[in-house]
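>>> Give the three-dimensional model of this entry:
(chains A and B)
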Amino acid sequence: MAPPLVDLRNISISFGGVQAVKDVSLTLNPGEVVGLLGHNGAGKSTLIKILSGAYKADSGEIYINGEKAHIASPRDARRYSIETIYQTLALADNLDAASNLFLGREIVTPLGMVDDDQMEAETRKIMQRLNPNFAKFNAPVKALSGGQRQSVAIARAVYFNARILIMDEPTAALGVHETQMVADLIKELKKQGLGIFLISHDTREMLDLCDRVSVMKNGELIGTERVEDVTEDDILSMIIMGKKPEAVA
Amino acid sequence: MTDTTAARNEGAKQRSFFQALQLDTRLLGMIGAFVLICLVFHFYTEGRFLTPRNIFNLTIQTVSVAIMATGMVFVIVTRHIDLSVGSLLATCAAVMAVMQTQVLPQTFGFELGHPMIWVIALLAGIATGIVIGAFHGWMVGYLEIPAFIVTLGGLLVWRNVAWFTTNGQTIGPLDETFIKIGGIGGTLGVTGSWIACALAVAAALGLMAASRRRKSQHGFPVKPMWAELTVGGIVTAAIVGFVAILNAYEIPERVLERRFEARGEVLPEGFTTGYGIPYSVLLLIAVAVVMTVVAQRTRLGRYIFATGGNPDAAELSGINTRLLTVKVFAIMGALCGLSAAVAAARLGFSTNDIGTLDELRVIAAAVIGGTALSGGIGTIYGAILGALIMQSLQSGMAMIGIDAPLQNIVVGVVLVLAVLVDIIYRKRIGE
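Predicted coordinates:
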């Protein structure tokens, strides 16, 4: 059997005495969506930030396609084709959509100058696919609506041909219609063979979109279940009580 | 797809005259304020303010602060501050002065007036600025000491390092060629100025045409041709007008006589000529162009603004914000070195109090020019205009004969008012 796309083994990290993630192991396969559930402060975002290079784990190993990966910075993560949509969106509010989309990876002219026109043209192309109503290409992203800002953040993750996508609450700021658009996008990307880690509080949405769900509580992994095997209530009791469904039943 | 967007843009809203010109309203407001200040002083000084002579002096006096203000834009945009620029200027000036009057002639045996003296001295001063600036940036970026504290310390340290470098003495007279960097003697002359003027106009119009061509190649909406031509006309008129004024300031007859004598000639009867563009102004223009290109067209500039807008986002995008801080302060240091050369050259000496309170003028110029202390927003041309407005206020009031304490009160009030107006303006346009 082929090695998993992502294999997180025994990851731990603590901040000033608080153990945010305790010995968590997770896998992600190509074309699979794995959901991460848990209360605020359960350690989901922290775990995911270790994979995206924002934090460095105190212990544990990361394997990408079966090979040991060294991810010490966001730049390293991008080298492994890991793209992240952060909960905060991580947009520079004073810059326009194209500058944000290409931030850190600008298209440059042969003279080494940033090619704003080329970047805007590329941004228009991908926006046409993701959010055809998007028109404010020359305004700072501060001037955009929540949904528009979200589509800039999503475009940034999708444009660079990610193989591994991390989405931290991608629909938290969105309306019904836009949420549906993100759901459709996740399904399409999954079909293309991407592996996706999805963080959300919406249990029903997670059961709809994910292949497997992992529940975390107080930094520990309670368990990982295939969505066919569990009900919404099972998941909720894992989140609240921190017990696996067998123990509940 | 592009066709429909363009059509929608044109059809949907009737653009007003000014919208079609796509001019920066903040820039227009600042130019308006500047013109108003000039006119008021012109009236109160009974026509002495807007004369070629005074405009010439005004530009020369502005250069030193304006050069540093362009660097301060980057510092403030990245949410830092640099209180040490005046002291840093003093240290750089001291290094340059000691270099050209003592080290090079005495230790290395250069003859006085040797053509390499000014070059080596200038490079040594700029290198000093870069090293000290980078050191500040390292403490801010890597040791995470707030920039306010690092540069407040620097304010005290470098002022007195300068004092030790010169043993507290005024060093001079400086090298004759070096003095031309900032002095009234260093100008392009009438013919040279017109050539520079023609080049500047050609460059400005060429850039506008190139930008329009690029945009239409990508199928982006462009402004109507008449708007493009109007803006081009205004820019051309401004450049030509400025050069004409500087050329109109005539060199006094006795100065000319001395110049001809130095060449072993006699001043021809009735011969007059203008000063033209001072080298220091050319230097400022070069700095402004380079800094604007860095800000708008390079990755470094993009990262500076991204970091100012959202430091976390910049870091998550793989930008090394610590190293970026070092670079920003190093640029600031280099510009302090350049300003030091201009300031010392204008005086002809390096004095102990050179650049005193310049940090406040520089910060004020950047802020009046629309640089937001909250970071992420600022322009190079704004800072230069800010410096010009400050200098006009100061020398205008001096010409009217307002007492020095009252002058400072007015400048302080203007600084606060300018920021208030800027805040109101930003709220209006919903930024």
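>>> domain parsing for chain A?
A:1-77+A:162-169+A:198-249, A:82-161 (automatic domain parsing).
>>> end-to-end on the shortest one?
Distance across domain A:82-161, first residue to last, is 9 Å (Cα to Cα, to the nearest Å).
>>> Is chain B within reach of that domain?
Yes: interface with chain B: domain A:82-161 contributes A:84, A:86, A:88-95, A:99-100, A:103-106, A:108, A:112-114, A:117-118, A:120-121, A:124, A:128, A:135, A:140, A:142-143 (Cβ under 8 Å from any Cβ of the partner chain). Just so you know, the C-beta spots here come from the backbone N, C-alpha and C atoms, and that holds for glycine as well.
>>> can you pull the buried residues of the top helix by length along chain B?
Using DSSP state H, we find that the single longest helix of chain B is helix B:189-217. Neighbour counts over helix B:189-217 (16 or more other Cβ atoms under 10 Å in any protein chain shown) mark B:190, B:193-194, B:196-197, B:200-201, B:204-205, B:215 as buried.
>>> rewinding a little: dump the domains of chain A into CSV; add mean pLDDT and distance to residue B:378 as well.
Putting those into CSV (pLDDT from 0 to 100; distance: least, Cβ to Cβ, whole Å) gives the following:
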stretch, mean pLDDT, distance to residue B:378
domain A:1-77+A:162-169+A:198-249, 88, 26
domain A:82-161, 90, 10
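>>> Could I get those domains in a markdown table, plus columns for mean neighbour count and distance to residue B:61?
Supplementary listing: the domains of chain A in a markdown table, determined by neighbours: other Cβ atoms under 10 Å in any protein chain shown; distance: least, Cβ to Cβ, whole Å:
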| stretch | mean neighbour count | distance to residue B:61 |
| --- | --- | --- |
| domain A:1-77+A:162-169+A:198-249 | 18 | 46 |
| domain A:82-161 | 19 | 33 |
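>>> And those: which comes nearest residue B:380?
Nearest to residue B:380 among the domains of chain A is domain A:82-161 (15.7 Å), distances taken as Cβ to Cβ.
>>> Tell me how far that closest one lies from the chain's centre.
Centroid separation between domain A:82-161 and its chain, computed with Cα atoms, centre = their mean, to the nearest Å, is 17 Å.
>>> ok, now stretch B:153-161?
Distance of stretch B:153-161 from its chain centroid, counting by Cα atoms, centre = their mean, is 23 Å.
>>> Mean confidence (pLDDT) on the helix or strand following the longest helix of chain B, please.
Next in sequence after helix B:189-217, counting helices and strands by DSSP states H and E, comes helix B:225-248. Throughout helix B:225-248, pLDDT has a mean value of 92.
>>> can you pull the buried residues of the next helix-or-strand element following helix B:225-248?
Following helix B:225-248 in sequence order, the next helix or strand is helix B:253-262 (DSSP H and E). Residues of helix B:253-262 classed as buried under the neighbour-count rule (16+ other Cβ under 10 Å) are residue B:256.
>>> Next to chain A, which bits of the stretch 301-431 of chain B? Give me the list.
By Cβ under 8 Å from any Cβ, the residues of the stretch 301-431 of chain B that approach chain A are B:302-303, B:305-310, B:312-319, B:376-377, B:430-431.
>>> can you tell me which residues contact residue 150?
Let's take chain A. By Cβ atoms under 8 Å, 6 or more residues apart in numbering or on different chains, the contact set of residue A:150 is A:89, A:170, A:173-174, A:178, A:182.
>>> my bad, the chain I had in mind was chain B
Residue B:150 sits in contact with B:84, B:136, B:139-140, where contact means Cβ under 8 Å, 6+ apart.
>>> Take the residues you listed and keep only those in helices.
Using DSSP H, those in helices are B:136, B:139-140.
>>> Out of those, grab the one that's most surrounded.
Most neighbours among those, by other Cβ atoms under 10 Å in any protein chain shown: residue B:136, with 29 neighbours.
>>> And that residue, how far from residue A:84?
33 Å (Cβ to Cβ, to the nearest Å).
>>> Okay, strands next: where are they in chain A?
Applying DSSP state E to chain A gives strands spanning A:6-15, A:18-28, A:33-37, A:59-64, A:67-69, A:82-85, A:164-168, A:195-199, A:212-217, A:220-226.
>>> Helices of chain A, start to end?
Along chain A, counting by DSSP H, helices occupy A:44-51, A:74-79, A:97-101, A:116-130, A:146-159, A:176-191, A:203-209, A:232-241, A:245-248.
>>> does chain B sit close to the second one?
It stands for helix A:74-79. Yes: legend: contact between helix A:74-79 and chain B by Cβ under 8 Å from any Cβ is shown at A:74-75, A:78.
>>> Which other helices and strands does that helix contact?
Judged by 3 or more Cβ pairs under 8 Å, 6 or more residues apart in numbering or on different chains; DSSP states H and E, helix A:74-79 is in contact with no other helix or strand.
>>> Just give the nearest non-adjacent residue to the residue in the stretch 151-300 of chain B that chain A sits nearest to, would you?
Closest residue of the stretch 151-300 of chain B to chain A, Cβ to the nearest Cβ: residue B:297 (4.2 Å). Of all residues not flanking residue B:297 in the chain, residue A:113 sits nearest, at 4.2 Å (Cβ to Cβ, 6 or more residues apart in numbering or on different chains).
>>> same check, this time on residue B:400
Closest to residue B:400 by Cβ to Cβ, 6+ apart is residue B:44, at 5.2 Å.
>>> ok so, going back, out of the domains of chain A, the one nearest residue B:327 is which?
Of these, nearest to residue B:327 by Cβ to Cβ is domain A:82-161, at 15.6 Å.
>>> give me every residue that touches residue B:260.
Applying Cβ under 8 Å, 6+ apart, we find residue B:260 in contact with B:266-267.
>>> Go again with 6 Å.
residue B:267 (Cβ atoms under 6 Å, 6 or more residues apart in numbering or on different chains).
>>> near chain A, which residues of the stretch 151-300 of chain B show up?
B:214, B:218, B:297, B:299 (Cβ under 6 Å from any Cβ of the partner chain).
>>> thought the second one was touching residue A:123?
Yep, that's residue B:218 we're talking about. No: Residue B:218 is beyond contact range of residue A:123, at 11.1 Å (criterion: Cβ atoms under 6 Å).
>>> now the domains of chain A as CSV including distance to residue B:55?
Putting those into CSV (distance: least, Cβ to Cβ, whole Å) gives the following:
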stretch, distance to residue B:55
domain A:1-77+A:162-169+A:198-249, 50
domain A:82-161, 34
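>>> Against residue A:221, how distant is the residue of the stretch 151-300 of chain B closest to chain A?
Residue B:297 is 48 Å from residue A:221, where distance means Cβ to Cβ.
>>> circling back: for the residues of helix A:74-79 next to chain B, which one is nearest chain B?
Using Cβ to the nearest Cβ, the residues of helix A:74-79 next to chain B come closest to chain B at residue A:75, 3.6 Å.
>>> nearest residue to the closest one other than its sequence neighbours?
Per Cβ to Cβ, 6+ apart, closest to residue A:75 is residue B:318, 3.6 Å.
>>> Pull the number of nearby residues for that neighbour.
Residue B:318 has 18 nearby residues by other Cβ under 10 Å.
>>> my guess is it contacts residue A:71, does it?
No: with contact defined as Cβ under 6 Å, residue B:318 does not reach residue A:71; the gap is 11.7 Å.
>>> Nearest to chain A among the contacts of residue B:150?
Closest to chain A, out of all of the contacts of residue B:150 and judged by Cβ to the nearest Cβ, is residue B:140, at 20.0 Å.
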